[in-house]
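Trainee: Sharing a sequence plus its predicted fold:
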Amino acid sequence: MTSSEQKLREILALDVELNRIQDVDILLERILSEARRVARADAGSIYVRKEDELLISYAQNDTHQAKLPKGQKLIYNVFTVPISHKTISGYCAATGEQVNIPDVYEIPDEAPYGFDPSYDRISEYRSRSMLAIPLRDQNGTILGVIQLINKINPDGSVGVFDADDELITMHFATNATVALQRAQMTRAIILRMIRMAELRDPKETGPHVNRVAGYSVEIYEHWAQRQGHDPKEIERGRDNLRMAAMLHDVGKVAISDTILKKPGRFTDEEFSVMKTHTWVGARLFADRQSEFDAIAAEIAVSHHESWDGTGYPGKVDINTGEPVETDDAGKAVGYAGEEIPIYGRIVSIADVYDALCSSRVYKEAWSEDDVVEEIRKLSGVKFDPEVVECFLEVLPNIRQITKRYKDPE
């Protein structure tokens, strides 16, 4: 069997795996890593089309990654590229043509695109060979671009992407686009649910839930690697968590506007009503059809529990809200320590971090230093100490997610 035939077999097997991934962010990261692996590319980026621009979604670089401590991820700048003939990726998106360049520093003057070396200077990296492939749906619409950089030869030298690389990578991109469309549709459905909640609670916005979900995935991956979990288990957990965390407060659709939109502090009675959004949200996923439903219910009901057992709603029946275990005062006993599901413990930190860092009509945004100090203080009280450690260790990645999902100005 030739190398090309082997690669085609691998891609056919990958089709099944890609179609199992439900979340669009997790899928984009996987598409880029697999495209790089198939073409033996040292680095690369994947862009998603946003109207007349390409937004960088993920960037990977094995040379830079090898210099980082184990478990730490590469940090890259979040930026957009106009869909035009000025850049290689922009040209690829504008024309729908695949672009294969032996050396980006020797692009002929008559070429319809160019290369900006400032990116290399900033990243301290030398780009040479480059292959840009459009992500095109069945109607011919360009959804994005995969850009692969520096093919690595068997001897470790930088080579040129050949005709086999073009053919195989384009085949991979065609199949990946089908999975990408499905994942984008899933994200759109979830965001519609969020917009329904946003009509009731102005704080529950698309950027907020995307940030909380993104932070949660970074914390979870680091925690799971610490625990020695299997990589496939981690990937499945990331996929389900990314979507489920977006719906952590979906139960607020059942809370009265007079409470949700109150600018001041709640009375004890109002706060008691507000607490019901946890078990009401979990109840929405009671008819469980998948692992995602189970995780979404788990997060909704547990992300306000506290490590010391003082959180809410405590041990209640999610169908009625009635306590199933009570203290001396007749109130539901709170979950404590590792009784709280790990996904709930993770989303708890992600949600508090984003809430404190964000400005609201009733408060100014805290500085990041103050937020981090507050989370440190609450370690062992509200938050799982180990999860706090994981949060602190992935803080650079969390800052990057903040930039990607900014609140509208």
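Mentor: Structure's in. What do you need? Numbering: from 1, shown residues only.

Trainee: how close does G251 sit to A297?
Mentor: Per CB to CB, to the nearest Å, G251 is found 10 Å from A297. Heads up, the C-betas are built off the backbone N, CA and C, glycines and all.

Trainee: Tell me, how many residues neighbour I234?
Mentor: 16 (other CB atoms under 10 Å).

Trainee: biggest helix in the chain, by residue count?
Mentor: helix 163-200 (DSSP state H).

Trainee: can you pull the buried residues of it?
Mentor: Buried residues in helix 163-200, counting neighbours by 16 or more other CB atoms under 10 Å, are found at 165-166, 168-177, 179-183, 186-187, 190-191, 194, 197-198, 200.

Trainee: Equivalent analysis for stretch 51-59, please.
Mentor: Going by 16+ other CB under 10 Å, stretch 51-59 has these buried residues: 53-59.

Trainee: just stretch 396-409 next, same as before
Mentor: Within stretch 396-409, the residues scored as buried using 16+ other CB under 10 Å are 397-398, 400-402, 405.

Trainee: Can you list the helices and strands that the longest helix of the chain packs against?
Mentor: Where contact means 3 or more CB pairs under 8 Å, 6 or more residues apart in numbering; DSSP states H and E, helix 163-200 is packed against helix 3-20, helix 24-39, strand 130-136, strand 142-152, helix 206-226, helix 231-246.

Trainee: so what sits against both of G251 and A297?
Mentor: Taking CB atoms under 8 Å, 6 or more residues apart in numbering as the contact definition, G251 and A297 share the neighbouring residues 281-284.

Trainee: Out of the buried residues of stretch 396-409, which comes closest to T326?
Mentor: The nearest member of those to T326, counting by CB to CB, is I398 at 37.8 Å.

Trainee: from what I can see that closest one touches V217, true?
Mentor: No: the pair formed by I398 and V217 falls short of the contact definition of CB atoms under 8 Å, at 10.2 Å.

Trainee: picking that back up, how about the helices and strands packed on helix 163-200 in JSON lines, adding distance to E110 and mean pLDDT?
Mentor: Listed next are the helices and strands packed on helix 163-200 as JSON lines, based on distance: least, CB to CB, whole Å; pLDDT from 0 to 100:
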{"stretch": "helix 3-20", "distance to E110": "32", "mean pLDDT": "70"}
{"stretch": "helix 24-39", "distance to E110": "27", "mean pLDDT": "93"}
{"stretch": "strand 130-136", "distance to E110": "18", "mean pLDDT": "96"}
{"stretch": "strand 142-152", "distance to E110": "22", "mean pLDDT": "97"}
{"stretch": "helix 206-226", "distance to E110": "42", "mean pLDDT": "94"}
{"stretch": "helix 231-246", "distance to E110": "45", "mean pLDDT": "95"}
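
Trainee: closest to V273 out of these?
Mentor: helix 206-226 (21.7 Å).

Trainee: Would you mind getting the angle between the closest one and helix 24-39?
Mentor: 50 degrees (axes from the mean of the first three to the mean of the last three CA atoms, to 10 degrees).
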